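Colleague: Below are the sequence and a predicted model for it; my questions follow.
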Amino acid sequence: MQHRQHVQKHQHDGKAARELQDLISGQTVAMFDTRSRVWSQSKVTKECDEPRSYAVKTPNGSELRRNISSSSEALC
């Protein structure tokens, strides 16, 4: 039984969420706009108190709070 539990734990841990890198103030990231359904470049302005949340300034000048998972460094 312990062997089966070990195998299940190993398989589960392999599919677990990956650690995301922290963003820094001034960093340019691509943010997904859920209304227009497009990616656009935004700048991180500060880290919020909530876990993995950041304030970002969009190209049209509005400041939004977004979770780190809705951003991507790769598209910038």
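Modeller: Nice, I can see it.
Colleague: tell me what the helix or strand hosting residue 30 is packed against?
Modeller: For residue 30, the host element (DSSP states H and E) is strand 28-33. Other elements packing on strand 28-33 under the criterion 3 or more CB pairs under 8 Å, 6 or more residues apart in numbering; DSSP states H and E are strand 38-47, strand 71-72. Where C-beta positions appear, they are placed from N, C-alpha and C, glycine not excepted.
Colleague: Compare those and give me the one nearest residue 64.
Modeller: strand 38-47 (8.0 Å; CB to CB).
Colleague: Buried residues in that closest one, which are they?
Modeller: For strand 38-47, the neighbour count (16 or more other CB atoms under 10 Å) marks 42-45 as buried.
Colleague: In the strand holding residue 30, which residues are buried?
Modeller: Quick answer for strand 28-33 (16+ other CB under 10 Å): 29-31.
Colleague: between it and strand 38-47, how many degrees?
Modeller: Using axes from the mean of the first three to the mean of the last three CA atoms, to 10 degrees, one finds that strand 28-33 and strand 38-47 are set 120 degrees apart in direction.
Colleague: ok so, going back, ok, of the buried residues of strand 38-47, which one's closest to residue 15?
Modeller: residue 44 (28.9 Å).
Colleague: I'd say the closest one and residue 23 touch.
Modeller: Yes: using CB atoms under 8 Å, residue 44 is in contact with residue 23, at 4.8 Å.
Colleague: Overlap in contacts, these two.
Modeller: 29, 54 (CB atoms under 8 Å, 6 or more residues apart in numbering).
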